[in-house]
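**Student:** build the 3D model from these lines:
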Amino acid sequence: MSSLATKINRNWWVIPILAFGSAVTCLVLMSALGGPRMLAAVKPDLRKDIYSSLTGSSSGLLGFALAAVAILAAFAPRTDTQERNRRREVALADARTDIAKCLLVTSVFLMTILVASTVGIGMDARDNGNSSISTIVVAAAFASLVGLLISGLGVTLSILERNANP
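**Tutor:** Now for the predicted structure:
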């Protein structure tokens, strides 16, 4: 179990992917139990409004995530003559790279929401909804939330670590 925890610790970007897979599995099982669920159960006019709102929100968060990746990529380790500080700076640079990877994976899910919601606006007009589009949108939203939370936690820990020993 500790080797799994170590692998996840070294590969944060896997967690949003696992969250997406878990959400899809749960949503497919829920819809197999009968009847439309989640977005598919909402009236068509309200569903289009929700898709429009998701399109705007996901595009804003996508811009934020990509800007954060660009900022993290711009930071280089501080140069220092002491070996101990040099190792710490390299470790912090590796942590920033891990955070950027997680943000890039999260960006993929935000783009998925953006595209699926846009398609949903045009195609999801039936009374019982389109469970495929609904499942993709909800699962991608869950994965994006998980990715943003993990990335935010990583940035917070990185800042605290850097400020702990100037």
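**Student:** check which element follows the helix or strand of the chain with the lowest mean pLDDT along the chain.
**Tutor:** When each helix and strand of the chain is scored by mean pLDDT, DSSP states H and E, helix 2-10 comes last, with a mean of 73. With elements assigned by DSSP states H and E, the helix or strand that comes after helix 2-10 is helix 14-32.
**Student:** what helix or strand is the nearest residue to L148 once chain neighbours are set aside located in?
**Tutor:** The shortest distance from L148 to any non-neighbouring residue, by C-beta to C-beta, 6 or more residues apart in numbering, is to T106 (5.8 Å). Every residue, glycine included, has its C-beta placed from N, CA and C. Assigned by DSSP H and E, T106 falls within helix 83-123.
**Student:** how about whichever helix or strand comes after that helix: buried residues?
**Tutor:** Moving toward the C-terminus from helix 83-123, the next helix or strand (DSSP H and E) is helix 131-164. Neighbour-count burial for helix 131-164 flags 131, 133-148, 150-151, 154-155, 158, 162 (criterion: 16 or more other C-beta atoms under 10 Å).
**Student:** I113: what's it in contact with?
**Tutor:** The contact partners of I113, taken as C-beta atoms under 8 Å, 6 or more residues apart in numbering, are L54, T55, S58, V137, A140, A141, S144.
**Student:** how about those in a markdown table, adding distance to T118?
**Tutor:** Formatted as a markdown table, the contacts of I113 follow (distance: C-beta to C-beta, whole Å):
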| residue | distance to T118 |
| --- | --- |
| L54 | 9 |
| T55 | 6 |
| S58 | 10 |
| V137 | 10 |
| A140 | 13 |
| A141 | 14 |
| S144 | 16 |
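**Student:** and the two most separated of those?
**Tutor:** In the contacts of I113, two members sit farther apart than any others by C-beta to C-beta. They are T55 and S144, at 13.4 Å.
**Student:** re the thing from before, out of the contacts of I113, which is nearest to M30?
**Tutor:** V137 (14.5 Å).
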